[in-house]
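>>> Task: produce atomic coordinates for the following.
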Amino acid sequence: MTPYLHQIDPIAIQFPEFQLFGMSLHPAVHWYGIMYLLGFGIAWWLGRRRIRAGRLPGVDEAGFGDLLFYGMLGVILGGRLGYILFYDLPAYIAQPLQVFKIWEGGMSFHGGLLGVCIAVWLWARQRKLHFFDVIDFVAPLVPPGLGLGRLGNFINGELWGKYTEAGWGVVFPQAESALAGLAPAQLQAQLASGALDRYARHPSPLYQALLEGLAMFVVLWWYSRRPRPRYAVAGVFAVLYGVFRFAVEFVRVPDAQLGYLAFGWLTMGQLLSLPLVAVGLLWLWLSRRSPTLQPQPAPAAKA
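Numbers count the residues shown, from 1 in each chain. Coordinates of the predicted model:
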């Protein structure tokens with residue numbers, strides 16, 4: 001079976017070049033950014049449904065809008081800072097302006113998770129709500145955004161996997177020095193001849209999109225369809241993400257600047273996921289003796 005040749009343009013819309021303060025600017029809308037917007041849009045739609053059902057008592061749609069805004073800031077700032085601190089700090093110290101180029105990737109889930117937790121804590125403190133009641137509410141809204149973010153990674157042609165002979169392998173030209181500089185037509189010709197078969201890799205971003213996005217959403221949305229004890233939904237989220245991420249890292253090429261951290265296979269993604277699984281199990285244990293937040297639907301408006 002012929003592998004898929006990755007030749008997707010990461011730019012969705014390219015605007016005309018213009019000059020600003022003597023600099024040539026090439027404004028564009030990237031698919032990666034669009035995936036983030038779609039993720040936030042789905043979270044808003046799903047969250048409104050549950051707010052209307054009274055799943056976060058005392059919070060109306062306007063309040064949920066504020067929560068979502070806090071969460072968006074947490075995802076972007078935490079994800080970016082997390083990637084810089086966990087994965088590539090020396091490079092960003094050398095070129096500080098790279099911090100702002102989020103359309104090129106470079107977002108850390110674990111950093112984004114910490115950012116969201118801080119944002120939720122600030123919002124819940126203002127509202128005098130229990131932090132974990134809010135986290136349990138938010139957790140099922142997150143996986144669609146995770147899945148779409150991984151699709152954005154795939155469109156960017158990044159975070160590719162190891163070589164594979166599986167029929168669904170993908171050739172990432174940017175991953176191969178031997179293919180650098182070849183025109184699209186040349187790549188297509190080599191693909192047709194079978195010369196690129198040896199470059200087929202696991203499409204690890206798609207694996208993560210299916211596991212962290214689709215599978216986690218189905219499980220969490222089903223599990224949280226009725227009220228659960230405090231900590232339970234967040235615990236399931238943490239365990240599932242940690243296990244899924246740990247597993248996919250075995251077929252994903254680690255970041256070049258880090259490589260493997262130990263044993264010839266342990267990656268930074270796996271190292272950061274182990275505490276997440278442990279915390280998730282702790283939360284599930286705590287949920288056994290915790291209260292359950294009961295829905296309080298808002299009264300219907302009088303005609």
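>>> next one: the helix or strand encompassing residue 216 to chain centre, how far?
Assessed by DSSP states H and E, residue 216 sits inside helix 216-223. Distance of helix 216-223 from the chain centroid (C-alpha atoms, centre = their mean, to the nearest Å) equals 16 Å.
>>> Just the buried positions in it, please.
216-217, 220, 223 (16 or more other C-beta atoms under 10 Å). In short, each C-beta sits where N, CA and C put it, glycine included.
>>> Heading C-terminal from that helix, find the next helix or strand.
helix 232-248.
>>> Now do that next one and helix 216-223, the angle between them.
If you take axes from the mean of the first three to the mean of the last three C-alpha atoms, to 10 degrees, helix 232-248 sits at 160 degrees to helix 216-223.
>>> on contacts alone, who are the packing partners of helix 232-248?
The criterion is 3 or more C-beta pairs under 8 Å, 6 or more residues apart in numbering; DSSP states H and E, and the helices and strands that helix 232-248 contacts are helix 131-138, helix 204-208, helix 216-223, helix 268-287.
>>> tell me the mean pLDDT for the second one?
Mean pLDDT, helix 204-208: 97.
>>> I'd like the helices and strands packed on helix 232-248 as a markdown table, with distance to residue 241 appended.
Compiled in a markdown table, the helices and strands packed on helix 232-248 are given as follows (distance: least, C-beta to C-beta, whole Å):
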| stretch | distance to residue 241 |
| --- | --- |
| helix 131-138 | 13 |
| helix 204-208 | 10 |
| helix 216-223 | 7 |
| helix 268-287 | 6 |
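>>> Looking at those, which is nearest to residue 242?
With distances scored as C-beta to C-beta, the stretch of those nearest to residue 242 is helix 268-287 (3.6 Å).
>>> tell me which residues in that closest one are buried?
For helix 268-287, by 16+ other C-beta under 10 Å, it's 268-270, 272-273, 276-277, 280, 283-284, 286-287.
>>> is it true that residue 14 touches residue 31?
No - Residue 14 lies out of contact with residue 31 (C-beta atoms under 8 Å); the separation is 12.0 Å.
>>> in stretch 59-74, what's buried?
For stretch 59-74, by 16+ other C-beta under 10 Å, it's 59, 63-64, 67-68, 70-72, 74.
>>> now stretch 185-197
In stretch 185-197, counting by 16+ other C-beta under 10 Å, buried: 187, 190-191, 196.
>>> go on, stretch 25-41?
Those would be 30-32, 34-36, 38-40, for stretch 25-41 by 16+ other C-beta under 10 Å.
>>> The nearest residue to residue 227 once chain neighbours are set aside: neighbour count?
Taking C-beta to C-beta, 6 or more residues apart in numbering, and ignoring the residues beside it in sequence, residue 227 has residue 292 as its nearest neighbour in space, at 5.0 Å. Counted with other C-beta atoms under 10 Å, the neighbours of residue 292 add up to 13.
>>> That's all I had, so thanks and see you.
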